[in-house]
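Peer 1: What shape does this take:
(one chain, ligands or ions: 1)
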Amino acid sequence: MTIHPDVKEVLLTPEQIRDGVNRMAERIAGDYRDREPVLVGVLDGAVVFLSDLMRALPIPVRVDFVKWSSYGDHSTSSGEVQLLKDLSFSVEGKHVLVVEDIVDTGLTLRYLLENLESRGVASLAVAALLDKPSRRKVRVPLDYVGFQVPDEFVVGYGLDFAQHYRNLPYVAVLKPEVYRQA
Ligand code: IMP
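Peer 2: A predicted model of the protein is given here:
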């Protein structure tokens, strides 16, 4: 595997991610064997994870997306988020499974869960590829978690730094000088 020159360390290889996604899909398929879930992907970061997860699920699913305004600098985030792209169909009475790339402070997810709750969903659950528990500011229920990561800014497999590195097939930490240049 070719490693990008800006990468300091690969935290999760493509094989580890694939195994984690398959394990999660197996659990989800069991839990939703009698209900068709609507997978709600949170743009842009969850796109790669969602596309692998949905193909690993041997059950009927529907797929939709939401997009929030980005915080810019997460460390100084006030937690104010705005809905930039809403769902394209009603989820009233539906079994919604939110698909997130990473849960950091939990603020984005809390907004989304409150928002979906108010639409009268039949059930609501969360599947997150990555969990960074050390940074949590608000409690959010995570039903399915792929991997826990340390308190470091990670990129790859959908996750970006300044819109770059989303296409890396692994999850990695960048060299400190790359973060400083931004
Ligand atoms: P939260 O609201 O602080 O939990 O942040 C959630 C969003 O911030 C995620 O969906 C990501 O888009 C972004 N984010 C948080 N941590 C990272 C990271 O380490 N790398 C890339 N994006 C991140």
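Peer 1: Is it correct that residue 182 is in contact with residue 161?
Peer 2: Yes: Residue 182 is within contact range of residue 161, at 7.1 Å (criterion: C-beta atoms under 8 Å). Any C-beta I mention is one placed from the backbone N, CA and C, and that applies to glycine too.
Peer 1: quick one, which of these two is more surrounded?
Peer 2: Neighbours were tallied for residue 182 and for residue 161 using other C-beta atoms under 10 Å; the higher tally belongs to residue 161 (16 against 9).
Peer 1: Burial check on the closest residue to that one other than its chain neighbours, number of neighbours?
Peer 2: Nearest non-adjacent residue to residue 161, counting by C-beta to C-beta, 6 or more residues apart in numbering: residue 155, 4.9 Å away. By the criterion of other C-beta under 10 Å, residue 155 has 25 neighbours.
Peer 1: tell me the SS of residue 155?
Peer 2: Put simply, residue 155 is strand when judged by DSSP: H, G, I helix; E, B strand; the rest coil.
Peer 1: now it, which residues is it bridged with?
Peer 2: Taking DSSP bridges as the rule, residue 155 bridges to residue 172.
Peer 1: mind starting the numbering at 49 from now?
Peer 2: Sure, I'll start counting at 49 from here, so that last one is residue 203.
Peer 1: Identify the residues contacting it.
Peer 2: 209, 212, 213, 214, 216, 219, 220, 221, 222 (C-beta atoms under 8 Å, 6 or more residues apart in numbering).
Peer 1: just checking, residue 133 touches residue 113?
Peer 2: Yes: between residue 133 and residue 113 there is a contact under C-beta under 8 Å: 6.5 Å.
Peer 1: if I look at these two, which residues touch both of them?
Peer 2: Common neighbours of residue 133 and residue 113 (C-beta under 8 Å, 6+ apart) are residue 91.
Peer 1: State the phi and psi torsions of residue 169.
Peer 2: Residue 169 adopts backbone torsions of phi -70, psi 150, taken as degrees, to the nearest 10.
Peer 1: From residue 136, how far off is the nearest residue to it once chain neighbours are set aside?
Peer 2: Nearest in space to residue 169, with sequence neighbours left out and distances taken as C-beta to C-beta, 6+ apart, is residue 144 at 4.8 Å. From residue 144 across to residue 136, the span is 14 Å (C-beta to C-beta, to the nearest Å).
Peer 1: Those two: which has the busier surroundings?
Peer 2: Per other C-beta under 10 Å, whichever of residue 144 and residue 136 has more neighbours is residue 144, with 23 against 8.
Peer 1: What's opposite that one in the beta bridge?
Peer 2: In this entry, residue 144 is beta-bridged to residue 86, residue 172, by DSSP bridges.
Peer 1: quick one: low-confidence ranges for the protein?
Peer 2: Within the chain, the segments meeting pLDDT under 70 span 118-128.
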